[in-house]
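Visitor: I'll drop the sequence and a predicted model, then ask my questions.
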Amino acid sequence: MKLFSSPTSPFARKVRVSALELGLAERLELLEVSLSPVNPHATLREHNPLGKIPALLTDAGETLYDSPVICEYLDALAGGNRLWPASGPARWQALRRQALADGITDAAVLVRYESAARPAQLRWTQWTDGQWLKIRTALEALEQESLDGPFDIGAISVACALGYLAFRFPEERWEERLPRLGAWYTAVSERPSLAATRPA
Ligand code: BEZ
């Protein structure tokens, strides 16, 4: 299998962490691409019309995207219901957490593009503030939850969202306001899958 990815993409990291947790990392060949919304990648677009990473080329010749679909595919390859609780409240909790965490990451990536790629005279402070409101409100919601328990797709998604904030926005220092979430993140960051994929 081949994964279009980049070493700093938080959503590609989610896939790489999932593959490591499932024991499938050695079957994943990384195809590293450099892209942005204003610098699309021609080969990637042939496989994913949205031109986004991560995108997985399966051994059967299919292309799968985006990270929730790829991670669930890997889970199925590994036997199923390893990172996805099979049913009941645990399943819905994991899926909701994945949505919440991916929403944090989406907003953080948009802020990153706004500050790193958009010309200064075109930046819109209120829009950026709106993204930060989403991120901060979602982090506060996570502080109210106990994330202890299986390192499932919900927890993986939260860890990768927090890792992206730590990587691109260390000055945010959310862990000073949210000690329970901070302690959880410090503990899970020791997992080999997260340590091996930390963006440099
Ligand atoms: C980043 O380096 O911040 C990044 C890379 C790929 C996708 C999104 C963000």
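Guide: Sure, I can see it. Computed from a predicted structure; not experimentally measured. Numbers count the residues shown, from 1 in each chain.
Visitor: so G23 sits right up against D75, yeah?
Guide: No. If you go by CB atoms under 8 Å, G23 and D75 don't touch, sitting 11.5 Å apart. Placement of C-beta: from N, CA and C, glycine included.
Visitor: mind checking which of those two has more residues around it?
Guide: The residue with more neighbours, out of G23 and D75, is D75; 20 against 10, by other CB atoms under 10 Å.
Visitor: next one: phi and psi at that one?
Guide: With angles defined as degrees, to the nearest 10, D75 sits at phi -60, psi -40.
Visitor: and the pLDDT for it?
Guide: Note on D75: pLDDT of 98.
Visitor: from E62, how far off is it?
Guide: According to CB to CB, to the nearest Å, D75 and E62 sit 16 Å apart.
Visitor: and for the chain, the residue most distant from the center?
Guide: No residue in the chain sits farther from the centre than Q121, which is 29.9 Å out by CA atoms, centre = their mean.
Visitor: can you give me the helices for the chain?
Guide: Secondary structure of the chain (DSSP state H): helices at 10-22, 42-47, 67-77, 88-116, 125-143, 153-168, 179-188, 192-195.
Visitor: want to throw those into CSV with distance to S36?
Guide: Formatted as CSV, these follow (distance: least, CB to CB, whole Å):
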stretch, distance to S36
helix 10-22, 14
helix 42-47, 12
helix 67-77, 18
helix 88-116, 7
helix 125-143, 17
helix 153-168, 14
helix 179-188, 27
helix 192-195, 25
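Visitor: with distance to the ligand added, can I get those helices in JSON lines?
Guide: Listed next are the helices of the chain as JSON lines, based on distance: least, CB to the nearest ligand atom, whole Å:
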{"stretch": "helix 10-22", "distance to the ligand": "6"}
{"stretch": "helix 42-47", "distance to the ligand": "12"}
{"stretch": "helix 67-77", "distance to the ligand": "11"}
{"stretch": "helix 88-116", "distance to the ligand": "5"}
{"stretch": "helix 125-143", "distance to the ligand": "14"}
{"stretch": "helix 153-168", "distance to the ligand": "5"}
{"stretch": "helix 179-188", "distance to the ligand": "18"}
{"stretch": "helix 192-195", "distance to the ligand": "17"}
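Visitor: so for E29, which of the ones you listed sits nearest?
Guide: helix 10-22 (11.0 Å; CB to CB).
Visitor: output the contacting helices and strands for that closest one.
Guide: strand 2-5, helix 67-77, helix 88-116, helix 153-168, helix 192-195 (3 or more CB pairs under 8 Å, 6 or more residues apart in numbering; DSSP states H and E).
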